[in-house]
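Engineer: A structural model of the following input is requested.
(2 chains)
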Amino acid sequence: AQSVTQLDSQVPVFEEAPVELRCNYSSSVSVYLFWYVQYPNQGLQLLLKYLSGSTLVKGINGFEAEFNKSQTSFHLRKPSVHISDTAEYFCAVVSRGGNKLTFGTGTQLKVEL
Amino acid sequence: DARVTQTPRDKVTEMGQEVTMRCQPILGHNTVFWYRQTMMQGLELLAYFRNRAPLDDSGMPKDRFSAEMPDATLATLKIQPSEPRDSAVYFCASGPGLAGGPGTDTQYFGPGTRLTVL
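Structural biologist: This is a model prediction of the structure:
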């Protein structure tokens, strides 16, 4: 079984500042990793995913994440946030060969002027 | 712009009533997922279908919940009888079923059905 920990439930940040949302996972087997974003009253939307290859993954809206196997982390970063990035962000993991995504508890990113 | 659609968007009902939620996956997608989102539990997988066959419904309370796919364009989630603790947002998601396996799929989520059981 796998699990995901998002330690920060809320992250406030000023517009144009950089941000990092933390995600750590636990699994006894190799995994695929995902970041999804949920805007208010909407379903989740994929930001990016790591399947294999380069450990630095670039996604939509200027976000990127780095897979660190030794640290079992997949932190999400953006160098300069915008008001429109205010949303909840979910990290998710699935074991290779599996089909069930396990989601973290989410991090609410609030971008302020 | 292909999207997953869900109906109804909001449902308020009384305890003991039957609730049916519907989902239309993206045309051509062969995997369908049902999730429940609550403040306390976060996102929980309830059921998973591939090519209309249920592969995993271990996350679903069997005594009152049932999930089906009558055809490739419709997935349903029923609760009978409903209870106040079922109040949540229920999401349907579909995936294209990539050659790399279902774990590699991007899941495309619908807007959700907000269920309130009084």
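Engineer: ok now do the residue of chain A at minimum distance from chain B, which residues does it touch?
Structural biologist: Nearest residue of chain A to chain B, counting by Cβ to the nearest Cβ: residue A:43, 3.1 Å away. For every residue, glycine as well, the C-beta is placed using N, CA and C. For residue A:43, the contact set (Cβ atoms under 8 Å, 6 or more residues apart in numbering or on different chains) comprises B:4, B:91, B:93, B:109-112.
Engineer: So which of the residues you listed reach chain A?
Structural biologist: Restricting these to those adjacent to chain A (criterion: Cβ under 8 Å from any Cβ of the partner chain) gives B:4, B:91, B:93, B:109-112.
Engineer: Quick check on those: which are buried?
Structural biologist: Those of the ones next to chain A among the contacts of residue A:43 that meet the buried threshold are B:4, B:91, B:93, B:109-112, by 16 or more other Cβ atoms under 10 Å in any protein chain shown.
Engineer: Would you format those residues as CSV with secondary structure included?
Structural biologist: Below are those laid out as CSV (DSSP: H, G, I helix; E, B strand; the rest coil):
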residue, secondary structure
B:4, coil
B:91, strand
B:93, strand
B:109, strand
B:110, coil
B:111, coil
B:112, coil
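Engineer: Let me have the residues you listed in TSV, extended by distance to residue A:60.
Structural biologist: Output for those, formatted as TSV (distance: Cβ to Cβ, whole Å):
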residue	distance to residue A:60
B:4	18
B:91	20
B:93	17
B:109	15
B:110	19
B:111	19
B:112	21
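Engineer: so which two of those residues are the farthest from each other?
Structural biologist: B:93 and B:111 (11.1 Å; Cβ to Cβ).
Engineer: Next, the residue positioned nearest the centre of chain A: phi, psi?
Structural biologist: Centroid-nearest residue in chain A, with Cα atoms, centre = their mean: residue A:35, separated by 3.6 Å. Dihedral pair for residue A:35: phi -120, psi 130, per degrees, to the nearest 10.
Engineer: so who does it touch?
Structural biologist: Residue A:35 touches A:23, A:46-49, A:59, A:63, A:65, A:74, A:76, A:89-92, counting by Cβ under 8 Å, 6+ apart.
Engineer: what comes up buried for the helix or strand of chain B with the lowest mean pLDDT?
Structural biologist: When the helices and strands of chain B are scored by mean pLDDT, DSSP states H and E, strand B:53-56 comes last with a mean of 88. Under the neighbour-count criterion of 16+ other Cβ under 10 Å, strand B:53-56 has residue B:56 buried.
Engineer: what about that strand, near chain A?
Structural biologist: Yes - Strand B:53-56 is in contact with chain A by Cβ under 8 Å from any Cβ, via B:55-56.
Engineer: what comes up buried for whichever helix or strand comes after that strand?
Structural biologist: Using DSSP states H and E, the next helix or strand after strand B:53-56 towards the C-terminus is strand B:65-71. Buried residues in strand B:65-71, counted by 16+ other Cβ under 10 Å: B:65-67, B:69.
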